[in-house]
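# just need the structure, nothing else, for what follows:
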Amino acid sequence: MELRRFSTAAAIVGTAFAPTYSYASSFELPIWKSEAEERGYVLPKAFGLSVGYMKVEQGINVTSIDLNGLKTSLGNEGTPGYPGRPEQCIPLTGICIPEIPAIPGIPSDIPINSIDVETIGGYQESEVWTVRADMWLFPFLNFYAIAGKISGYSETDIIVNVNYGNDRNLTLPQLPFKLDLDGNMYGGGFVVAGGYEEWFTIIDASYTKTNLTVIDGGIDSIVVTPRVGYDFTNHGHPIRVWVGGQYQNIQQTLKGDLRDLFPAEFVDLIEADGETAGFVVQQELESEWNTVVGFNYVINPTFNIIGEFGFGDRQSAFISLDTRF
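Just a heads-up that it's a prediction; the model follows:
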């Protein structure tokens, strides 16, 4: 195996082929740099900085929606939710609370566990701006820290079912349930790189956490991306290309006020006196794996442009400008 291929693989995360920066006469990075150069290998500069942009569209599964602060009483005769009242509609919304016929023996209190929320489908779209700093500790091992800003949303449709007892159910009409996912992201990861002749392979693994700013909650993400590619630079073309797969394990816990999602008139029908009707949503990705293809274009020994595109159940586009020193 030629160690030169390690620097080829390293180019994917923003490397250029040049002597490594030495910050002390007795110590240089990457470790084993001198031994590698004595054997004729060319290594990347040790430190890198990049800015990137990514857009992602993908399906999601809402695993649970818990509602709190809801009315558990049917109220007084003639009020919304009381058996025997007619259908009531909220103007300009298309939302109607169906008629509940009067049925002898229905209790006036509804246990909270009698309220069931069903979800239909799910979709998420997000844009991420990132800044990333990295360091090659060994010729084959890179560590990096990353931070950024995320802007996006997730949406699904919900159906609320209420069991009034005596085999009598109330089903509210299908409602849109959309959540803003704006927040600040930070994390870190590592890259293992290797190769033979013009062929190279790398594995990139990272963990990031996003603190949401519009609603309460957070997003925890584990991403692993193995890639295999070919280096055309020795054939007179300053580009490297690759194909791979990306695994994402993303857990989202989202909290907020129902008044931020639905018309106030609708919330008034279900909100308990003196309490705020809220929600807690747990959701995850519909598909954990997708295919990626990408390229690294060498502008000069200091700057590179990296692009990567995802296909399948998760569609994505990523572009970044990298510099090394």
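# low-confidence bits of the stretch 1-150 of the chain, can you list those?
1-26, 40-42, 70-114 (pLDDT under 70).
# can you give me the helices for it?
4-10, 33-38 (DSSP state H, counting those that start in this stretch).
# output the last one as PDB, restricted to C-alpha atoms.
Coordinates of the C-alpha atoms in helix 33-38 are reproduced here as PDB (Å, rounded to 0.1, in the frame of the first residue of the first chain):
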ATOM      1  CA  LYS A  33       5.300  12.800   9.200                       C
ATOM      2  CA  SER A  34       9.100  12.600   9.000                       C
ATOM      3  CA  GLU A  35       9.100   8.800   8.600                       C
ATOM      4  CA  ALA A  36       6.600   9.000   5.800                       C
ATOM      5  CA  GLU A  37       8.400  11.800   4.000                       C
ATOM      6  CA  GLU A  38      11.700   9.900   4.300                       C
END
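# what helices and strands are in contact with it?
Helices and strands touching helix 33-38, as assessed by 3 or more CB pairs under 8 Å, 6 or more residues apart in numbering; DSSP states H and E, are absent. Yep, even glycine has a C-beta here, placed from its N, CA and C like the rest.
# list the buried residues for that helix?
Taking 16 or more other CB atoms under 10 Å as the basis for neighbour counts, the residues of helix 33-38 that come out buried are 33, 36.
# where do the strands of the stretch 201-325 of the chain begin and end?
When assigned using DSSP state E, counting those that start in this stretch, the strands of the stretch 201-325 of the chain occupy the ranges 216-231, 239-257, 278-285, 289-298, 303-311, 314-324.
# neighbours of T130, how many?
Under the neighbour criterion other CB atoms under 10 Å, T130 is assigned a count of 20.
# can you pull the contacts of the closest residue to it other than its chain neighbours?
What sits nearest to T130 in space, not counting adjacent residues and going by CB to CB, 6 or more residues apart in numbering, is G148, at 3.6 Å. Applying CB atoms under 8 Å, 6 or more residues apart in numbering, we find G148 in contact with 128-131, 184-186.
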